[in-house]
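Peer 1: Here is a sequence together with a model predicted from it:
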Number of protein chains: 2
Amino acid sequence: MQFATQTGNPWSATEFRAELYALEGSYWDRHPFHRRLHEGRLDKEHLRLWAANRWYYQRCLPQKDAAIIANCPLPEVRRQWLARIVYHDGVDAESGGAQKWLRLAEAVGLGREEVLSERLVLPGVRFAVDAYLDFARRRPWLEAVASGLTELFSPNLLVYRLGRMREHYPWIAEDGFAYFTARIDVVGDEGRSLLDLVVAHAETRAQQEACVAALAFKCAVLQGILDSLDYHTGGRW
Amino acid sequence: MQFATQTGNPWSATEFRAELYALEGSYWDRHPFHRRLHEGRLDKEHLRLWAANRWYYQRCLPQKDAAIIANCPLPEVRRQWLARIVYHDGVDAESGGAQKWLRLAEAVGLGREEVLSERLVLPGVRFAVDAYLDFARRRPWLEAVASGLTELFSPNLLVYRLGRMREHYPWIAEDGFAYFTARIDVVGDEGRSLLDLVVAHAETRAQQEACVAALAFKCAVLQGILDSLDYHTGGRW
């Protein structure tokens, strides 16, 4: 995970896209913890730990997106990115993606206060998520934006997960899946417009390589989250 | 791991010390990975992964100490703390604690370049160590100093580890243990003077509680390192 950049001619848009998609194998969809989740091998306590820890990730996202806006000098990008903050935070205390995640947490049996207190958050999850927020605050906006390109890999995962969870955990009330159904509706378009944005603004080879490194970093963040969850629920690498 | 502080009268020095020592149970000495290490249950590949990942922690320490000095307005504290940078970095390229750790890494069969490239560093280890460095950079110097109070708990661990490693891994050349023998010579005195420093400068209850929270944070950092190592070497929580 060295982020050194090399000199060279810029990749073509096609080459650059291929370099980004080459990281799909590092995405967390086939992580041992997700396999256990999707195969119905998690018990209620495991699902609660997952929901409470993933909450810590969800709650950092609007701050991550605001950090990107804070570092971006281009009003057209800032205008586009603002919708992401609204997506997570909603337009009032009852709407927004974060609230939908809390409904999932409640549907698996957690109390809202228990989730918000963050006392179930594992050290490794906290450090991975904090690293992601720190990255968005300190790196150039283009790299922080590129780290979100995991969206390219997530549509299939979200659809697959929703199906497997309905199948294996039928005791979870349908309202608990609102986060996933809402996300499935938008993530494909978000990923495509995000890719267009990154390709348009990464002009030099060094910028392109920094974007690839940022996506690799994000994959490591997601792996760090699941490594911790798997370890603390009796899984093995 | 909420770091909220409460109001109240300052603890006495005795009470404050007791609050700090109460965290000894959160120290990493009895972590499952350390148990495997001390009971001879790690193979050579596991020891190599341990040495390569712990290197990432060792190499961050002089930067962590410099961040503390950078945030400290008191020349008498800065003068005292400077010795820690020299301890890690040495007075030339061959001396210093970091170099001694590299000798251990070589003694367990790693190439120096392999260690320095950091390609064996696990995501969870990287994020935990980065969180520690970030804490030292961003928090008041007194809290960053207090996070080092894990030194209070380490003398027994270091002596115990050295004995068990000589017993269970006799193929490690004695030169590889130079880091531990040097550390055992100084860590008791360092811990005591560190405790005196923290007790002297934490004047308000809020500062005292922040120091206790900083030590709890550091214990979580160390746990995060070992959680990752244990998970990736087939251990279970």
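Peer 2: Structure received.
Peer 1: switch to C-alpha atoms for all contacts and neighbour counts from now on
Peer 2: Will do.
Peer 1: What about residue A:234, how many residues nearby?
Peer 2: 14 (other CA atoms under 10 Å in any protein chain shown).
Peer 1: do you know how far it is from chain B?
Peer 2: With distances defined as CA to the nearest CA, to the nearest Å, the gap from residue A:234 to chain B amounts to 6 Å.
Peer 1: That residue: what's it in contact with?
Peer 2: Contact analysis of residue A:234 by CA atoms under 8 Å, 6 or more residues apart in numbering or on different chains lists B:236-237.
Peer 1: rerun at 10 Å
Peer 2: Applying CA atoms under 10 Å, 6 or more residues apart in numbering or on different chains, we find residue A:234 in contact with A:33, A:42, A:46, B:231, B:235-237.
Peer 1: which SS class is it?
Peer 2: Judged by DSSP: H, G, I helix; E, B strand; the rest coil, the three-state class of residue A:234 is coil.
Peer 1: which element is residue A:93 on?
Peer 2: If you go by DSSP states H and E, residue A:93 is not part of any helix or strand.
Peer 1: Name the nearest residue to it, ignoring sequence neighbours.
Peer 2: Spatial nearest neighbour of residue A:93, chain neighbours left out: residue A:99 (7.7 Å); criterion: CA to CA, 6 or more residues apart in numbering or on different chains.
Peer 1: Pretty sure that neighbour sits against residue A:88.
Peer 2: Yes - shown here, residue A:99 and residue A:88 form a contact pair, counting by CA atoms under 10 Å, at 8.1 Å.
Peer 1: what is in contact with these two at once?
Peer 2: A:58-59.
Peer 1: Look up the closest residue to residue A:179, ignoring the ones flanking it.
Peer 2: Leaving aside its sequence neighbours, residue A:179 sits nearest to residue A:100 (CA to CA, 6+ apart; 4.9 Å).
Peer 1: rewinding a little: for the contacts of residue A:234, which single residue is the most surrounded?
Peer 2: Neighbour max across the contacts of residue A:234 (other CA under 10 Å) = residue A:33, 27 neighbours.
Peer 1: now stretch A:228-237, how far from the chain's geometric center?
Peer 2: Centroid separation between stretch A:228-237 and its chain, computed with CA atoms, centre = their mean, to the nearest Å, is 20 Å.
Peer 1: correction: stretch A:117-126
Peer 2: On CA atoms, centre = their mean, the centre of stretch A:117-126 falls 17 Å from that of its chain.
Peer 1: what does stretch A:57-67 give?
Peer 2: Taking CA atoms, centre = their mean, one finds stretch A:57-67 lying 10 Å from the centre of the chain it belongs to.
Peer 1: what about residue A:151, distance to residue A:38?
Peer 2: 19 Å (CA to CA, to the nearest Å).
Peer 1: Same check on residue A:216?
Peer 2: 24 Å.
Peer 1: go on, residue A:82?
Peer 2: In terms of CA to CA, residue A:82 sits 33 Å off from residue A:38.
Peer 1: who has more neighbours, the two?
Peer 2: residue A:38 (22 against 15).
Peer 1: For chain A, which residues are neighbours of chain B?
Peer 2: Contact residues, chain A versus chain B (CA under 10 Å from any CA of the partner chain): A:1-2, A:117-132, A:134, A:217, A:219-228, A:230-237.
Peer 1: Let's see that with 8 Å instead.
Peer 2: By the rule CA under 8 Å from any CA of the partner chain, the part of chain A lying against chain B is A:1-2, A:117-119, A:123-124, A:127-128, A:130-131, A:220-221, A:223-224, A:227-228, A:231-237.
Peer 1: List buried residues within these.
Peer 2: Of the members of the residues of chain A next to chain B, the ones counted as buried by neighbours, 16 or more other CA atoms under 10 Å in any protein chain shown, are A:1, A:118, A:123-124, A:127-128, A:130-131, A:220-221, A:223-224, A:227-228, A:231-233, A:235-237.
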